[in-house]
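Enquirer: Fold the following and give me the result.
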Amino acid sequence: MVVASKRYRKGAERVDATKLYALKEAVGLLKTFPPAKFDETVEVAIHLGIDPKKSDQLVRGAVSLPKGLGKSIRVVVFAEGARAEEAKAAGADHVGSEDLAKRINDGWTDFDVVIAAPDMMKHVGKLGKVLGPQGKMPSPKSGTVTAEVSQAVREFKAGKVEFRTDAGGSVHAPVGKRSFAPEDLEANVGAFVDHVRHMRPASAKGIFIKKVVLSSTMSPGVPLDLR
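Expert: Numbers count the residues shown, from 1 in each chain. I've put the predicted structure just below:
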């Protein structure tokens, strides 16, 4: 049996389980929770009205957060020639092709985002079993398979986040740090939710965004009212 920490319980006591909080109020409440000994990541979870078993209802993409993430994003790029040089100049942490694929296949996963030029998918495609379970497999839908690798590197370094539907029909994304100014967290949460709202699959029925919860690494969730 998992026992919640004293810090978590104190925070949970402040959340009214019968209430949906306006975004500004929710961020303010999150700021009052007992803090951890590190700068916690703030995350948004959205439960969607989709059937995750149907491929045409899966939601996957990426969005640039206006206030960034407050952390250094480690980006690796599969590219050769001029594109490889452009990626390095844009700030990519590691750039390669077949050699990079071998390194990852051997167990190296110390990075956050993988970007690949289209002609490099011959190498990246073999890494599905390694990158797929970690949510790091490049995809055109998330902007991580692109001929414009340098632009993609700059965007992800600046705070672009990927997301995809999980088995329960929800999407999750970091939206900043607890130390962020309240208005910056509000801007990032709003940008993420609005982006997901406009990705409603044509075959989805009924209410698309069913529940939105805001939390930090060590805190309870705060349900949002974003009507």
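Enquirer: Just the element for the spatially most central residue of the chain, please.
Expert: By Cα atoms, centre = their mean, the chain has its centre lying nearest to residue 173, at 3.4 Å. If you go by DSSP states H and E, residue 173 is part of strand 170-177.
Enquirer: Show me what that strand is in contact with.
Expert: 39-48, 59, 63, 65, 67-71, 161-166, 184-185, 188-189, 192, 196 (Cβ atoms under 8 Å, 6 or more residues apart in numbering). Glycine gets a C-beta too; all of them are placed from N, C-alpha and C.
Enquirer: Could you list the paired strands of it along with their orientation?
Expert: Strand pairing for strand 170-177, determined by DSSP bridges: strand 41-48 (antiparallel).
Enquirer: Give me the buried positions along the strand it pairs with.
Expert: Residues 41-46, 48 are the ones in strand 41-48 that count as buried (16 or more other Cβ atoms under 10 Å).
Enquirer: between those residues, which is nearest residue 87?
Expert: residue 41 (26.3 Å; Cβ to Cβ).
Enquirer: Was I right to think the closest one contacts residue 216?
Expert: Yes: counting by Cβ atoms under 8 Å, residue 41 does reach residue 216; the two are 6.6 Å apart.
Enquirer: about what we covered before: okay if I get the buried residues of strand 41-48 as TSV plus distance to residue 78 and pLDDT?
Expert: Listed next are the buried residues of strand 41-48 as TSV, based on distance: Cβ to Cβ, whole Å; pLDDT from 0 to 100:
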residue	distance to residue 78	pLDDT
41	27	95
42	31	97
43	28	97
44	29	97
45	30	97
46	30	97
48	31	97
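Enquirer: List the contacts of residue 62.
Expert: Per Cβ under 8 Å, 6+ apart, neighbours of residue 62: 142-144, 156, 160-163.
Enquirer: so which strand or helix has it?
Expert: Residue 62 belongs to strand 60-64, assigned by DSSP H and E.
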